[in-house]
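1. Starting from these lines, generate the structure:
(2 chains)
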There are 2 protein chains.
Amino acid sequence: MAVPNPTLSRAVVEHLVRQVVYERLGKPLPRAAAAPNPLVVNVSARHCHLTPAAVEALFGPGYQLSVQKLLYQEGTFAAKETVTLVGPRSRVISNLRILGPLRGLNQVELAYTDAVSLGFDVPLRLSGNIEGTPGCMLMGPAGFLELHQGVIRARRHVHMSPEDAAFYGVKHGEEIKLKVGGPCAVTFDKLLVRVDKSVKLEAHIDTDEGNACNLRPDTPCELVK
Amino acid sequence: MAVPNPTLSRAVVEHLVRQVVYERLGKPLPRAAAAPNPLVVNVSARHCHLTPAAVEALFGPGYQLSVQKLLYQEGTFAAKETVTLVGPRSRVISNLRILGPLRGLNQVELAYTDAVSLGFDVPLRLSGNIEGTPGCMLMGPAGFLELHQGVIRARRHVHMSPEDAAFYGVKHGEEIKLKVGGPCAVTFDKLLVRVDKSVKLEAHIDTDEGNACNLRPDTPCELVK
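-> A predicted model of the protein is given here:
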């Protein structure tokens, strides 16, 4: 199957160039260049994670998601398939993207602006922690699926390896700040640190957060304690 | 004309209570309570400012706006009247609120989330500085009005009196930070200071910014240099 490669992030290229340039010049590395890995900040637009059973209910028996775009973390992707989300006041969001791979639970992640427009009061939660959250109705080409819970705003977070965690002086479950520069500069406090040896350094913020600071590929970003 | 009073802001009440309590206890005031005025932070949802000629074009000759709600600054109000905004891809936002009083120019203020959904690329501008910004079509019950420019994202800003400016150690046109607490804590950098002797201390952020930090009436906010 031919799948487009994820676009090489500007942050990754800049990090490599910075390291090479300082090395060639024989100068000591500034802190950002001394970091073991580039910091990639990605905006997560509203999306859902589904179980295999949910995909079958929405798209039909035996249905397999296809990959539209590979995401930055190894093995993750935006699917070609989308669903329609129906909220409590029968308001609708069409084209809610499914992110793969499939998971053990169904979860819908919205920004507050999405939630307000749908009439949801969604809680801020760590992904996966959906006990007691509101539900919704999902609609696919083969059927409806009622979720009794699972609609959240995802807590802003950063994935990092143990090597990154050591560099930034943080542990799994602690918080760090994400400082974003540019004309709409913002510092996001309470960025949850999620350490795993299989991940690349990547901060995830939602569209409200991304739009509040007008995050662009060349916007300077750094993690600060 | 009977017009509802603006809701008394929680920040104003808290400031008064804090000052009285510390005075009664005979204790020195902490910095927040020592400030000459309470800090009110308001989220500006998308809206427009219109000229008298624009109101006549949209609502008919001699039409006068009526007041739906008084806003925090003396003499300002949200009108009962709204218009429909038509963007460059013929996408539409209905019920765009008009804010009064009328002005010498027409201006539409959108959050980036609004702009993205309409297909606009809107620049970040100080209110009133609309040279070279995109235009749009407005639609009212009596007619259409084409704006050749005037669609912006308003720069986050804080209105303050000379007394407030002296307390915070800033001058008109300088920038300060707005630190917002709570579970989605954010510090907004580059908050433009606008000093005028007739204004009350009030920071204005847009819906992207307000939703990024989930601003609520009891969310702690402070100005920091």
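2. Report how many residues lie close to the nearest residue to A:Asp218 once chain neighbours are set aside.
-> Here the nearest residue to A:Asp218 in space, its sequence neighbours aside, is A:Arg10; by Cβ to Cβ, 6 or more residues apart in numbering or on different chains that works out to 6.1 Å. From N, CA and C alone the C-beta is placed, and that goes for glycine too. A:Arg10: 14 surrounding residues under other Cβ atoms under 10 Å in any protein chain shown.
3. Contacts for the helix or strand of chain A with the lowest mean pLDDT next, please.
-> Using mean pLDDT, DSSP states H and E, helix A:31-34 stands out as the lowest-scoring helix or strand of chain A, at a mean of 78. With Cβ atoms under 8 Å, 6 or more residues apart in numbering or on different chains as the contact definition, helix A:31-34 has outside contacts at A:15, A:18-19, A:22, A:222.
4. Quick one, which of those residues are buried?
-> Of the members of the contacts of helix A:31-34, the ones counted as buried by neighbours, 16 or more other Cβ atoms under 10 Å in any protein chain shown, are A:15, A:18-19.
5. thinking again about what came up before, and the residue nearest to A:Asp218, how far is that from chain B?
-> Distance check for A:Arg10 against chain B: by Cβ to the nearest Cβ, to the nearest Å, it reads 19 Å.
6. ok so, going back, run through the neighbouring helices and strands of the helix or strand just after the least confident helix or strand of chain A.
-> Beyond helix A:31-34 on the C-terminal side, the first helix or strand identified by DSSP states H and E is strand A:40-44. Counting contacts by 3 or more Cβ pairs under 8 Å, 6 or more residues apart in numbering or on different chains; DSSP states H and E, the secondary-structure elements packed against strand A:40-44 are helix A:10-25, strand A:202-206, helix A:207-212.
7. looking at those, which is buried most?
-> Sort the helices and strands packed on strand A:40-44 by mean neighbour count, taking mean count of other Cβ atoms under 10 Å in any protein chain shown, and helix A:207-212 sits at the top with a mean of 27.
8. Can you name the residues in contact with it?
-> A:43-46, A:111-114, A:156, A:184, A:186, A:188, B:111-113, B:116, B:186, B:188, B:208-209, B:211-213.
9. residues from chain A in reach of chain B?
-> A:111-113, A:116, A:124, A:156, A:183-190, A:207-209, A:211-214 (Cβ under 8 Å from any Cβ of the partner chain).
10. Looking at these, which are in helices?
-> Secondary-structure check on the residues of chain A next to chain B using DSSP state H: residues within helices are A:112-113, A:116, A:207-209, A:211-212.
11. Out of the residues you listed, which comes closest to A:Val151?
-> Taking Cβ to Cβ as the measure, A:Val151 lies nearest A:Tyr112 of those, at 11.9 Å.
12. for the record, mean pLDDT for stretch A:118-130?
-> Mean pLDDT, computed over stretch A:118-130, is 93.
13. again, but for stretch A:47-57
-> Model confidence over stretch A:47-57 averages 98 on the pLDDT scale.
14. got the buried residues for it?
-> Applying a neighbour-count criterion of 16+ other Cβ under 10 Å, one finds A:47-50, A:54-57 buried in stretch A:47-57.
15. about what we covered before: nearest to chain B, of the contacts of helix A:31-34?
-> Minimum distance to chain B across the contacts of helix A:31-34 is 13.2 Å, recorded for A:Glu222 (Cβ to the nearest Cβ).
16. Backbone dihedrals for that closest one, please?
-> The phi/psi pair for A:Glu222 (degrees, to the nearest 10) reads phi -150, psi 150.
17. Just the buried subset of the residues of chain A next to chain B, written out for ChimeraX, thanks.
-> If you want just the buried ones from those in ChimeraX, going by 16+ other Cβ under 10 Å, the selection is:
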select /A:111,112,113,116,156,184,185,186,187,188,189,190,207,208,209,211,212,213,214
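18. Can you tell me how far the residue lying farthest from the centre of chain A is from chain B?
-> The C-alpha centroid of chain A is most remote from A:Gly26, which lies 37.1 Å away (Cα atoms, centre = their mean). As for A:Gly26, its distance to chain B is 35 Å (criterion: Cβ to the nearest Cβ).
19. Next up, the contacts around that residue.
-> By Cβ under 8 Å, 6+ apart, the contact list for A:Gly26 is empty.
20. So for it, what's the pLDDT?
-> According to the model, A:Gly26 carries a pLDDT of 85.
21. what's the answer for A:Val186, then?
-> With respect to pLDDT, A:Val186 has a value of 98.
22. before we move on, the earlier item: can you add distance to A:Lys171 and give the helices and strands packed on strand A:40-44 back as TSV?
-> What follows is the helices and strands packed on strand A:40-44, written out as TSV (distance: least, Cβ to Cβ, whole Å):
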stretch	distance to A:Lys171
helix A:10-25	23
strand A:202-206	17
helix A:207-212	23
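23. so which of these comes closest to A:Gly75?
-> strand A:202-206 (13.4 Å).
24. Give me the sheet partners of that closest one and which way each runs.
-> Sheet neighbours of strand A:202-206, with direction, are listed as strand A:40-44 (parallel), strand A:157-160 (antiparallel) (DSSP bridges).
25. Most tightly packed of the ones you listed?
-> Across the strands paired with strand A:202-206, averaging neighbours per residue (mean count of other Cβ under 10 Å) puts strand A:157-160 on top, at a mean of 24.
26. can you give me how far it is from the chain middle?
-> For strand A:157-160, the separation from the chain centroid amounts to 10 Å (computed by Cα atoms, centre = their mean, to the nearest Å).
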